[in-house]
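S.K.: only geometry, no sequence info:
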Ligand SMILES: *[C@@H]1O[C@H](CO)[C@@H](O)[C@H](O)[C@H]1NC(C)=O
Ligand SMILES: *[C@@H]1O[C@H](CO)[C@@H](O)[C@H](O)[C@H]1NC(C)=O
């Protein structure tokens, strides 16, 4: 019985695998000339594999075997694709050229997807080799801006799972103008002093889910720019980094708002911020509404809870020194742990557009095992349950 069952299942798997590979094309980048030696430029092989997958009428898999594949800037367009299910299965590492001037594509990205539908990326590592550019930025002016490692523009139904991104030059992952993206089990790492290396930046996108991810980097772990709605972010470990930030918002006068954001179960370790909302002190019709932060643990975080509407570095470009971004409906529920500074909660809201409907429920933040403080301006809201530090201005 056991033997025949095993037999059956082997035969079945064999048939399944055969049918699967015949029916849904699999394209190994090595058969397009890619070399896993970390030295041979494999850019053309990846472009070739994409062209073949894109032309397939059936679901297609682009397979990247183990090894290091050196690739320059890659741009994958989906507009003419027949397939709306292309999956990258990556066992190896894609390595950016060590000369940072050779990484940036026309759009400032290393690996760029534009107008694709149903693309998924599973496994693998992207190594942006950003160290030389950070050194330039940290010691000199006139350095190039650098490349975002992986960017999706104007795309739908994107899945990124089990992918590692290390040492990006600029942002690690950018989701811009997309609808329905799911990122899970993503690992991002760059040193805490690497400039502009945001982990995941979201812009003008909706229905984006980020789950079970570990992000340590030199800028925001996750940053949420203008025009995002319906985001679900859960089970994130952040640190080092600048926290999970909504913003910077309100640079433009006409700007799309941010709404319906849930951040649930997050730990922040040694980060500059925990849960941050940041807006330029400039006129704008932008807004932030309906944000829920739930179950966050802070460990030695400089600003565990912060709304900063006075952002204006060097006091330049902020004619009225007051933000037009209207922030309302922000809930902090079950946030506890330690602040690295005395002021653990900071609500510095706009004097012309005060924050409203801020809710804190079961918040307990301490500073060196002592009482922490809250600073608060132009904010209205309520507290329930134990809330420490006390919020003076509600
Ligand atoms: C935000 O969520 C509310 C309630 O769940 C929903 O009615 C509204 O349509 C959402 N807003 C957007 C922009 O999707
Ligand atoms: C707040 O947190 C501190 C440190 O974790 C703990 O010692 C204290 O008992 C908590 N306060 C309350 C009232 O739960």
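M.R.: Thanks, I have it. As the structure is a computational prediction, the values presented were derived from the model and not from experiment. Ligands and ions are numbered 1, 2, ... in the order given.

S.K.: The residue of the stretch 201-350 of the chain found nearest ligand 2: neighbour count?
M.R.: Minimum separation of the stretch 201-350 of the chain from ligand 2 (CB to the nearest ligand atom) falls at residue 336, amounting to 6.1 Å. C-beta here means a position set from N, CA and C on the backbone, and glycine is covered the same way. Residue 336 has 16 neighbours, counted by other CB atoms under 10 Å.

S.K.: Tell me who's in contact with it.
M.R.: Counting by CB atoms under 8 Å, 6 or more residues apart in numbering, residue 336 makes contact with 296-298, 362-365.

S.K.: Any stretches of the stretch 151-300 of the chain with poor pLDDT?
M.R.: Within the stretch 151-300 of the chain, no stretch has pLDDT under 70.

S.K.: and it, which residues reach ligand 1?
M.R.: With CB under 6 Å from any ligand atom as the criterion, the stretch 151-300 of the chain meets ligand 1 at residues 229-230, 259-260, 290.

S.K.: Report the closest residue of the stretch 51-200 of the chain relative to ligand 2.
M.R.: residue 192 (24.7 Å).

S.K.: sec struct for that residue, please.
M.R.: Secondary structure, DSSP: H, G, I helix; E, B strand; the rest coil: residue 192 is coil.

S.K.: picking that back up, among the residues of the stretch 151-300 of the chain next to ligand 1, name the buried ones.
M.R.: 229-230, 259-260, 290 (16 or more other CB atoms under 10 Å).

S.K.: ok, those residues vs residue 346, which is closest?
M.R.: residue 290 (21.1 Å; CB to CB).

S.K.: circling back to that earlier point, in JSON lines: the residues of the stretch 151-300 of the chain next to ligand 1, plus secondary structure and distance to residue 207.
M.R.: Formatted as JSON lines, those follow (DSSP: H, G, I helix; E, B strand; the rest coil; distance: CB to CB, whole Å):
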{"residue": "229", "secondary structure": "strand", "distance to residue 207": "8"}
{"residue": "230", "secondary structure": "strand", "distance to residue 207": "5"}
{"residue": "259", "secondary structure": "strand", "distance to residue 207": "12"}
{"residue": "260", "secondary structure": "strand", "distance to residue 207": "10"}
{"residue": "290", "secondary structure": "strand", "distance to residue 207": "15"}
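
S.K.: Report the central residue of the protein.
M.R.: For the chain, the residue nearest the mean C-alpha position is residue 200 (1.3 Å; CA atoms, centre = their mean).

S.K.: ok, now which ones touch that residue?
M.R.: Contacts of residue 200 (CB under 8 Å, 6+ apart): 171-175, 183, 186, 188, 210, 213, 215, 221-223.

S.K.: Just send the buried ones among the residues of the stretch 151-300 of the chain next to ligand 1 back as TSV, with distance to residue 124 too.
M.R.: Listed next are these as TSV, based on distance: CB to CB, whole Å:
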residue	distance to residue 124
229	30
230	28
259	33
260	31
290	35
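
S.K.: For residue 45, which three-state class applies?
M.R.: Under three-state DSSP, residue 45 comes out as helix.

S.K.: What separation is there between it and residue 98?
M.R.: 19 Å (CB to CB, to the nearest Å).

S.K.: now residue 31, what's its secondary structure?
M.R.: For residue 31, the assignment made with three-state DSSP gives helix.

S.K.: count of neighbours near residue 253?
M.R.: Neighbour tally, residue 253, other CB under 10 Å: 11.

S.K.: Equivalent analysis for residue 289, please.
M.R.: With other CB under 10 Å as criterion, residue 289 counts 17.

S.K.: Indicate the residue of the stretch 1-150 of the chain located nearest to ligand 1.
M.R.: For the stretch 1-150 of the chain, CB to the nearest ligand atom, closest residue to ligand 1: residue 117, 20.5 Å.

S.K.: which residues does the residue of the stretch 51-200 of the chain found nearest ligand 1 contact?
M.R.: Relative to ligand 1, the nearest point of the stretch 51-200 of the chain is residue 179 (11.0 Å; CB to the nearest ligand atom). Contacts were defined as CB under 8 Å, 6+ apart; by that measure residue 179 touches 156-157, 205-207.

S.K.: Tell me what the residue of the chain found nearest ligand 2 is bridged to.
M.R.: In the chain, the residue that lies nearest ligand 2 is residue 364 (3.8 Å; CB to the nearest ligand atom). When assigned by DSSP bridges, residue 364 has beta-bridge partners residue 336, residue 388.

S.K.: count of neighbours near it?
M.R.: 15.

S.K.: That one against residue 389, yeah?
M.R.: No. Between residue 364 and residue 389 there is no contact under CB atoms under 8 Å: 9.1 Å.

S.K.: so how far is stretch 321-331 off the chain centroid?
M.R.: 23 Å (CA atoms, centre = their mean, to the nearest Å).

S.K.: Return the set of buried residues in that stretch.
M.R.: 322-331.

S.K.: Ligand 1: which of those is nearest?
M.R.: residue 329 (10.3 Å).

S.K.: Just confirm that closest one contacts residue 357, I think it does.
M.R.: Yes. Counting by CB under 8 Å, residue 357 is a contact partner of residue 329 at 4.6 Å.

S.K.: Find the helix or strand that residue 53 is a member of.
M.R.: Using DSSP states H and E, residue 53 maps to helix 43-55.

S.K.: which residues of the stretch 1-150 of the chain fall in helices?
M.R.: 2-23, 43-55, 131-139 (DSSP state H, counting those that start in this stretch).

S.K.: Of those, which shows the lowest average pLDDT?
M.R.: When the helices of the stretch 1-150 of the chain are ranked by mean pLDDT, helix 2-23 comes last with a mean of 40.

S.K.: Bridged to residue 267, which residues?
M.R.: What pairs with residue 267, by the bridge criterion (DSSP bridges), is residue 237, residue 297.

S.K.: Great, nothing more from me.
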